[in-house]
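Q: Pasted the sequence and its predicted model underneath.
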Amino acid sequence: MTAASKSDLWRIADAEAPPERLAMLRILTGTFAVAYLTIRLPVFVQLADRESGFRGVGIASTLTGPVPDAVVFTLIGATHAAGVASTAGWRYRWSGPAFAVGFLALGSYRGSWGQLLHFENLFVLHLLIIGLAPAADAWSADARARRRRPRADPTSYGWPIALAALVLVITYVISGLAKLRYGGIDWILGDTLRNHVAYAAARLDLLGGDPSPLAGPGVSVAWVWPYVAGITVVVELAAPVALLGGRVRTVWVIAAWLLHAGILAFMLIGFPYPLTFVAFAPLFRVERLWTDRPRRLRPAATQLPV
């Protein structure tokens, strides 16, 4: 396979990439995670006021009960600071892993009070992979200060991206298999998905919220839901085709995004990581977001930023 064909078809077995691709992945996932933590800050701060109902999950399962308020506030502040530093690529050898572990700890502690958000699992795994990779060898504060230099072996940057892509694919496949394992063929042919939409609308109504205006009309059209359920399972189980690259990858990403958009439209349940397309970034040559930007936005110098 020639160098040109390698660049045209992304393969999991051909884990080569320029340092800028991994750097852009660091910037995208870091920016998303810092923004998410900032928006959800009131939820994490409220953890300090809780005293009952604690049941440790994840790494918080080692705890026998709630930790002191000072520990919660320190963890929130340290994780936020590490997130800003790692996104900028400053002292990345420490800030990258610290941010990933801090976010994992916060998510586990929050989940220990019964609020499990499974969509967080994917981007926490991505943070862990990128945090342990040489993701600050380009386009970072460390690179500008010459604390990090690009490596000769392109697989040093390719394997973390390949692993992140593989984790993404496995997440969708597991979701599809779980539907078939616990619901069987009836999950597709029956009213399971339709009932989920009806339940989400009823729950919002009982809690004083406003259900999606599409929920009622959608649930009333019973014949369409087996088709929607079937498409959902097919898209999830077909996730490995995204590793082939090219148009099939793009088609799958659009289909997966439409699944999440449909969930948001009919159930008002948002999955921000895939909805912002950041979850799918490991599948693409994301460094082009910078290198292929319009000429009018480029600096006068012809060299790429370090």
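A: Here it is on my side, so go on.
Q: contacting residues for the residue nearest the centre of the chain?
A: The residue lying closest to the centre of the chain (CA atoms, centre = their mean) is Phe123, at 3.3 Å. Applying CB atoms under 8 Å, 6 or more residues apart in numbering to Phe123 gives the contacts 29, 32-33, 36, 273, 278-279. Where C-beta positions appear, they are placed from N, C-alpha and C, glycine not excepted.
Q: ChimeraX command to pick out the buried ones of those?
A: Per 16 or more other CB atoms under 10 Å, the buried members of the contacts of Phe123 correspond to this ChimeraX selection:
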select :29,32,33,36,273,278,279
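Q: will you turn the contacts of Phe123 into JSON lines that also has secondary structure and distance to Gly53?
A: Formatted as JSON lines, the contacts of Phe123 follow (DSSP: H, G, I helix; E, B strand; the rest coil; distance: CB to CB, whole Å):
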{"residue": "Thr29", "secondary structure": "helix", "distance to Gly53": "31"}
{"residue": "Phe32", "secondary structure": "helix", "distance to Gly53": "29"}
{"residue": "Ala33", "secondary structure": "helix", "distance to Gly53": "27"}
{"residue": "Tyr36", "secondary structure": "helix", "distance to Gly53": "24"}
{"residue": "Tyr273", "secondary structure": "helix", "distance to Gly53": "27"}
{"residue": "Val278", "secondary structure": "helix", "distance to Gly53": "32"}
{"residue": "Ala279", "secondary structure": "helix", "distance to Gly53": "31"}
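Q: what's the neighbour count on Pro42?
A: 7 (other CB atoms under 10 Å).
Q: thinking again about what came up before, tell me the secondary structure at the residue nearest to the centre of the chain.
A: Secondary structure, DSSP: H, G, I helix; E, B strand; the rest coil: Phe123 is helix.
Q: Okay, it and Val67: tell me how far apart.
A: 24 Å (CB to CB, to the nearest Å).
Q: returning to what we had before: ok, so of the contacts of Phe123, who is nearest Val234?
A: Closest approach to Val234 among these (CB to CB): Ala279, at 19.2 Å.
Q: Next, the contact list for that closest one, please.
A: 122-123, 126, 168, 273.
Q: what does Val253 give?
A: 242, 277, 280, 283.
Q: Could you look up the SS state of the first one?
A: To tie it back to what came earlier, the one meant is Ala242. Quick answer, by three-state DSSP: Ala242 is helix.
Q: Distance of it relative to Trp252?
A: 5 Å.
Q: got JSON lines for the contacts of Ala279, with pLDDT too?
A: Supplementary listing: the contacts of Ala279 in JSON lines, determined by pLDDT from 0 to 100:
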{"residue": "Leu122", "pLDDT": "93"}
{"residue": "Phe123", "pLDDT": "91"}
{"residue": "His126", "pLDDT": "97"}
{"residue": "Leu168", "pLDDT": "96"}
{"residue": "Tyr273", "pLDDT": "96"}
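Q: In this protein, what helix or strand scores lowest on average pLDDT?
A: Least confident helix or strand of the chain, by mean pLDDT, DSSP states H and E, is helix 3-8 with a mean of 42.
Q: per-residue pLDDT, Arg146?
A: In this model, Arg146 is scored at 77, pLDDT.
Q: what's the spacing between it and Pro18?
A: 19 Å.
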